[in-house]
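Peer 1: Fold the following, please.
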Amino acid sequence: MASEQPPFKYFNVTFPQEYVAHVETNRADKMNSFFEAMWVELRTILDTLSRLPTVRAIVFSGAGERAFSSGLDVKAASGGLFGPSKGDTDAARHAAQLRRVIADFQDCITSIEKCEKPVIVAMHGFSFGLAIDLCTAADIRVCARDTKFSVKEVDIGIAADIGTLTRLPKVVGNYGWVKEVCLTARVFGAEEALRVGFVNSVYDTKKQAVDKAIELAGLIASKSPVAVQGTKELLNFSRDHSVQDGLRYTGVWNAAAVQTNDVPSAILSGLEKRVPTFEKL
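Peer 2: As a prediction, the model looks like this:
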């Protein structure tokens, strides 16, 4: 399966087991900090894996031992993203240009959420700023015990604008805690992240976190891809809509989806006490 993918510059994409892809940020010497070419490449990878029938679940991690991601590479980004308009540039026109940049940046991170396949993030070490944006766009979060989190943006003079302020309250459901960590940029650890529901589980080492994420991805990949992809779509839709809207959309979606051959295959396999197999989607 790996041979089907072109080489990527900033990410390692491997296939540790059938139907599971592992995307690893490959910039350990810079603590996996991001700049524009990286988040654009990440969108390309997620969009590709979303359509690839040989992938049913994805694990996302960072190379090296120091950081999942230290966030935005401020030095690389400072030339265009930050500061007032220069010279005689009209402020409104400069703002319009920045809005386009921000919207495209947001879309790159949202590619994790829009990906048809469930994405499991395995974090370790420093997980600051943009790392939180990336993780809140994912479906499941696990981490190593040494992970240090921070919504860091107020420390560089901006409000987080790539997804954290929108998604984090919906992930943990505790606005008081969210406002505290976002307004103070204080560092919090793995146990606190587990207590508030930001992460699903904590493991002693990075290797254990990544291995468990791959194991969980394998379990998800063993299920009907029709059911799994439908479940992700319907959960995300229902999160952002009323109960009645969610029920109606689920009914419309499943009116087609329940006609799959996966339903009788799953039921028959259960009766015969064997592991079911499902066609690619």
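Peer 1: which ones are touching V178?
Peer 2: By C-beta atoms under 8 Å, 6 or more residues apart in numbering, V178 lies in contact with 168-169, 172. For glycine as for every other residue, the C-beta is placed from the backbone atoms N, C-alpha and C.
Peer 1: Now the phi/psi pair for it, please.
Peer 2: Note on V178: backbone dihedrals following degrees, to the nearest 10 are phi -60, psi -50.
Peer 1: what about it, distance to F126?
Peer 2: 20 Å (C-beta to C-beta, to the nearest Å).
Peer 1: quick revisit: looking at neighbours, which among the contacts of V178 is most surrounded?
Peer 2: Highest neighbour count within these: L168, with 24 neighbours (other C-beta atoms under 10 Å).
Peer 1: can I assume that one sits in a strand?
Peer 2: No. Counting by DSSP: H, G, I helix; E, B strand; the rest coil, one finds L168 to be helix, located in no strand.
Peer 1: Turn the contacts of V178 into CSV, columns for distance to T250 and pLDDT.
Peer 2: Output for those, formatted as CSV (distance: C-beta to C-beta, whole Å; pLDDT from 0 to 100):
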residue, distance to T250, pLDDT
L168, 26, 97
P169, 24, 97
V172, 25, 96
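Peer 1: quick one: the helices in the stretch 151-281 of the chain?
Peer 2: With DSSP state H, counting those that start in this stretch as the criterion, the stretch 151-281 of the chain has helices at 164-172, 175-184, 190-196, 206-221, 225-239, 243-257, 262-271.
Peer 1: State the number of residues packed around A185.
Peer 2: Neighbourhood size, A185 [other C-beta under 10 Å]: 16.
Peer 1: and it, how far is that from D155?
Peer 2: Applying C-beta to C-beta to A185 and D155 gives a distance of 5 Å.
Peer 1: again, but for R145
Peer 2: Taking C-beta to C-beta, one finds R145 at 24 Å from D155.
Peer 1: try C115
Peer 2: C115 sits 30 Å away from D155, going by C-beta to C-beta.
Peer 1: Those two: which is more packed in?
Peer 2: Between C115 and D155, counting by other C-beta under 10 Å, C115 is the more crowded of the two (24 against 13).
Peer 1: Isn't that one up against T48?
Peer 2: No. The criterion here is C-beta atoms under 8 Å, and C115 misses it with T48 at 9.7 Å.
Peer 1: for L165, what are its contacts?
Peer 2: 159, 182.
Peer 1: now swap in Q208 and tell me
Peer 2: Contact partners of Q208, counting by C-beta under 8 Å, 6+ apart, are A144.
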